[in-house]
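Enquirer: Give me a model of this one.
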Amino acid sequence: MIWNNKHWVGLAININLGVIEVLDPNLDLNASKKVEEYLQPLLNMLPYIVHKHCVSATQTKVLKPYTWTRPYHLYHNKRSSDCGPVAVKFMEMHASGDPAPHMSGLDDNLVDQLRKQYALDIYQELVFWSILEHMGHEEHGGTWHMEAAQLDTQRKKGEAILKTSSTVHSTNRSSSSTRPAKLQLDRAGSQSQTRKMLLPP
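Expert: Now for the predicted structure:
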């Protein structure tokens, strides 16, 4: 969640308890009164959303506003432009049970590494494979339809390029994922199947 269009925080919402845990990278920026103001729409709206869309057996609370808490033991980030990546890392670690080095054990050096890792992840997921797909489009005569052997060749080219890139590790993850390659093949396979269905017998 972004506050005042300049400060990002992570939100861990416990529906059973009706509590929002605010994972704030910089506690000094906003007093509790201001935090309450930012959260008020969510605190009032969430009980009604849960009541509307969850089965009755899961309804354990009446329609009263959620409460919130803001832990003070987290890493305190005072540098500019770090709040977004740090908030994402807080949520990632919270969802995993706060593994080592823990949210309280992060430091500026680790944040530098995770920023690089997120940049590489975004490039690999959103940019790299789109470029590779476009290269395949150009190499195969301007058509998006490629046979299995051509797809395999294109996939190997992509993996070779990724292997030559420097790998930056964050606190608990690596950029050596092969998921984008699988997504590329699944997507191309789906396009191929759709194309065959549209062709006349």
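
Enquirer: where does residue 68 fall, phi/psi-wise?
Expert: Per-residue torsions, residue 68: phi -140, psi 160 (degrees, to the nearest 10).

Enquirer: What residues of the host helix or strand of residue 43 count as buried?
Expert: Per DSSP states H and E: residue 43 is located in helix 32-53. Buried residues in helix 32-53, defined by neighbour count with 16 or more other CB atoms under 10 Å: 35, 38, 39, 42, 43, 46, 47, 50. Heads up, the C-betas are built off the backbone N, CA and C, glycines and all.

Enquirer: What lies in contact with stretch 63-77?
Expert: 13, 18-28, 32, 35-36, 39, 42-44, 46-48, 51, 83, 86, 90, 103-108, 111 (CB atoms under 8 Å, 6 or more residues apart in numbering).

Enquirer: switch to 7 Å and redo it
Expert: Under the criterion CB atoms under 7 Å, 6 or more residues apart in numbering, residues 18-27, 35, 39, 43-44, 46-48, 51, 83, 86, 90, 103-104, 106-107, 111 lie in contact with stretch 63-77.

Enquirer: And stretch 84-94, by the same measure?
Expert: Residues from elsewhere that reach stretch 84-94 (CB under 7 Å, 6+ apart): 8-10, 12, 23, 25, 74, 77, 99, 103, 111, 114-115, 118.

Enquirer: the strands in this structure, which residues?
Expert: With DSSP state E as the criterion, the chain has strands at 2-3, 7-8, 10-14, 19-23, 67-69.

Enquirer: Would you mind putting the buried residues of helix 32-53 into TSV with pLDDT and distance to residue 56 alongside?
Expert: Formatted as TSV, the buried residues of helix 32-53 follow (pLDDT from 0 to 100; distance: CB to CB, whole Å):
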residue	pLDDT	distance to residue 56
35	96	32
38	97	31
39	97	27
42	95	23
43	96	23
46	92	17
47	90	14
50	88	11
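
Enquirer: Which of the helices and strands in this structure ranks last by mean pLDDT?
Expert: helix 179-198 (a mean of 44; mean pLDDT, DSSP states H and E).

Enquirer: Residue 1 touches residue 11, doesn't it?
Expert: Yes: Residue 1 is within contact range of residue 11, at 5.4 Å (criterion: CB atoms under 7 Å).

Enquirer: And the two? Which one has more around it.
Expert: Neighbour totals were compared for residue 1 and residue 11, and residue 11 leads with 17 against 14 (other CB atoms under 10 Å).

Enquirer: in the sheet, who's paired with that one?
Expert: residue 22 (DSSP bridges).

Enquirer: What are the neighbouring residues in contact with it?
Expert: Contacts for residue 11 (CB under 7 Å, 6+ apart) come out as 1, 20, 22.
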